[in-house]
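Engineer: Build me a model:
(one chain, ligands or ions: 1)
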Amino acid sequence: MENIQVKPAKKLEVGIVEDLLKDPNKVVIVQTAPSVRVALGEMFGAKPGTSVTGKMVAALRQLGFKYVFDTDFGADITVWEEAMEFLKRLKGEGGPLPQFNSCCIGWLATAERTYKDLFSHISTVKSPIGCLGSIAKTYFAEKMNINPNNIVVVAVVPCILKKNENALPYNKTNFIYDVDYCWTTKDLGSLIKDNNIDFMSLVDSEFDNPLGESTSSGTIFGRSGGVLEAVLRCAIYWDSHTVYTNPIVFTPSSISPDILETEITIANRKVKVCHTGMVGVRKLVEMIRNNECPYDFIEVMSCPGGCIMGAGQPMHLPSEGITPLEVRKARISGLNDIADKQDRKISPLNQSIMKIYDAMFDGTAGSEKAELNLHRKY
Ligand code: SF4
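Structural biologist: Take a look at the predicted model:
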């Protein structure tokens, strides 16, 4: 696997994209990660956790993006593949258990440096921005008759490290990078200000389709525990065609209060799963090495609370009278509110993805063709 290294901050990226937006030969697409929509408004006076999805899309159109897509769509694809991978592992047809998520670049970077011996446990599925980028430069390019080399994919993300993820050599499809540039939430907010856009007065706009459709499972990717919940619901559906929408309740593990666990039945067996951060995972890694780990799936998110608290999100000073914990709770609650309002709760019910899989991947997650485009080879 190539080293995930921290590159110097690339303020340049914003300027390069601004130039590309003026290039008539380029089709510049933008996608926005789940957690951006509940934090961007804070740069314009909104309370933490306020959903500004429609205004964010409208601002991106004003900035000149030809298509505005939703990374929640990419998250639904990640769920399709990761759930199928999990089922295969549960049935003894895949890699070892427990399976780790692969969408958090902070976790991947740590695993690469410190837990190399456990890489076979980490899902091979691309992150949501990579899955969307791959579909944009294959399915969408063909549908719209655009040369994929002329498509530029920009991802607006809560994460500074994602600026490095997009340049990793395995994040390609047909030798073309899935994502070309990453902006943080703060980059986007600053650009909106630089362009004198009156953000809070913008009339809401909607994502473009088909890469703008999502379920609530894609939305909750932005908070801790969301990836795990989404994968469990999808795995249950793939296994038994049951739409499982009951709440999944996590409780602190006896191993550590940093680890939140639950048990659920999938593929006729009790499956024990948990989510944690960088402290909890250290204990779990030792348990795996000693063959003592009780879990089948472990979600690890580097940032406390998940991507909603990524380093690319707006920060609040103590003088503002709000603590980081309060910000975290407000953003989680904002994301959950969006998810609650979505009709479809599980990723397999994303109609656009169904059509794309029928057209490209023999109609099923985990197919050879899906693996070629949507998985990494570490
Ligand atoms: S949890 Fe933090 S480090 Fe991990 S992908 Fe999200 S923002 Fe990046």
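
Engineer: Write out the residues of the stretch 1-150 of the chain neighbouring the ligand.
Structural biologist: Within the stretch 1-150 of the chain, the positions lying close to the ligand (CB under 6 Å from any ligand atom) are 104-106. C-betas here are computed from N, CA, C, even on glycine.

Engineer: and with 8 Å instead?
Structural biologist: Contact residues (CB under 8 Å from any ligand atom) of the stretch 1-150 of the chain with the ligand: 35, 103-107, 127.

Engineer: Count the residues that sit near Glu112.
Structural biologist: 17 (other CB atoms under 10 Å).

Engineer: Would you mind measuring from it to the ligand?
Structural biologist: 13 Å (CB to the nearest ligand atom, to the nearest Å).

Engineer: Equivalent analysis for Val243, please.
Structural biologist: 28 Å.

Engineer: how about that residue, what does it touch?
Structural biologist: Contacts for Val243 were tallied using CB atoms under 8 Å, 6 or more residues apart in numbering; they are 237, 345-346, 349.

Engineer: Show the contacting residues for Lys270.
Structural biologist: 263-264.

Engineer: you'd agree it is in a strand?
Structural biologist: Yes - counting by DSSP: H, G, I helix; E, B strand; the rest coil, Lys270 is found in a strand.

Engineer: And it, what's its pLDDT?
Structural biologist: Confidence at Lys270, expressed as pLDDT, is 96.

Engineer: what's across from it in the sheet?
Structural biologist: Thr265 (DSSP bridges).

Engineer: Look up how far the ligand lies from it.
Structural biologist: Distance, Lys270 to the ligand, using CB to the nearest ligand atom: 28 Å.

Engineer: Now do the helix or strand of the chain with the lowest mean pLDDT: which elements does it pack against?
Structural biologist: Counting by mean pLDDT, DSSP states H and E, the weakest-scoring helix or strand in the chain turns out to be helix 162-165, with a mean of 82. The contact analysis (3 or more CB pairs under 8 Å, 6 or more residues apart in numbering; DSSP states H and E) places helix 162-165 against helix 105-114, helix 128-135, strand 181-184.

Engineer: can we see that at 10 Å?
Structural biologist: helix 105-114, helix 128-135, strand 151-157, strand 181-184 (3 or more CB pairs under 10 Å, 6 or more residues apart in numbering; DSSP states H and E).

Engineer: looking at the ones you listed, which is buried most?
Structural biologist: helix 128-135 (a mean of 29; mean count of other CB atoms under 10 Å).

Engineer: Can you tell me what sits against the next helix or strand after that helix?
Structural biologist: Sequence-wise, the next helix or strand downstream of helix 128-135 (DSSP states H and E) is helix 141-143. Applying CB atoms under 10 Å, 6 or more residues apart in numbering, the contact partners of helix 141-143 are 27, 29, 135, 147-151, 176, 210, 356, 359-360.

Engineer: Any idea which of these the model trusts least?
Structural biologist: Ile176 (92).

Engineer: what about that one, neighbour count?
Structural biologist: By the measure other CB under 10 Å, the count of residues near Ile176 is 16.

Engineer: What of Gly45?
Structural biologist: Gly45: 9 neighbours (other CB under 10 Å).

Engineer: OK, contacts around it?
Structural biologist: Per CB under 10 Å, 6+ apart, neighbours of Gly45: 199-200.

Engineer: distance of it from Thr124?
Structural biologist: The spacing between Gly45 and Thr124, counted by CB to CB, to the nearest Å, is 42 Å.

Engineer: for Gly74, same thing?
Structural biologist: 16 Å.

Engineer: ok, those two, which is more surrounded?
Structural biologist: Of the pair Gly74 and Thr124, Gly74 is the one with more neighbours under other CB under 10 Å, namely 34 against 19.

Engineer: My guess is that one contacts Phe207. True?
Structural biologist: No - using CB atoms under 10 Å, Gly74 is not in contact with Phe207, being 11.9 Å away.

Engineer: Find the residues that touch each one of the two.
Structural biologist: If you check Gly74 and Phe207 against CB under 10 Å, 6+ apart, the residues they both contact are 31, 214.

Engineer: Could you take the helices and strands packed on helix 162-165 and lay them out as a markdown table, with extra columns for distance to Leu232?
Structural biologist: Output for the helices and strands packed on helix 162-165, formatted as a markdown table (distance: least, CB to CB, whole Å):
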| stretch | distance to Leu232 |
| --- | --- |
| helix 105-114 | 19 |
| helix 128-135 | 17 |
| strand 151-157 | 25 |
| strand 181-184 | 29 |
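
Engineer: how about those, which one is nearest Lys55?
Structural biologist: For the helices and strands packed on helix 162-165, distance to Lys55 was read as CB to CB. The smallest value, 13.4 Å, belongs to strand 151-157.

Engineer: Before we go further, His275 is sitting in a helix, right?
Structural biologist: No - counting by three-state DSSP, His275 is not part of a helix but strand.

Engineer: need the residues of the stretch 201-350 of the chain near the ligand, please.
Structural biologist: 301-303, 306-307, 309-313.

Engineer: Of those residues, which belong to helices?
Structural biologist: The helices, defined by DSSP state H, take in nothing from those.

Engineer: Mind giving me the PyMOL select for these, buried ones only?
Structural biologist: Only the buried entries of those go into this PyMOL selection, using 16 or more other CB atoms under 10 Å:
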select buried, resi 301+302+303+306+307+309+310+312+313
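
Engineer: Between all of the residues of the stretch 201-350 of the chain next to the ligand, which two are separated the most?
Structural biologist: Met301 and Gly312 (14.5 Å).

Engineer: Smallest gap between the stretch 1-150 of the chain and the ligand, at which residue?
Structural biologist: Nearest to the ligand in the stretch 1-150 of the chain, going by CB to the nearest ligand atom, is Gly106, at a distance of 3.0 Å.
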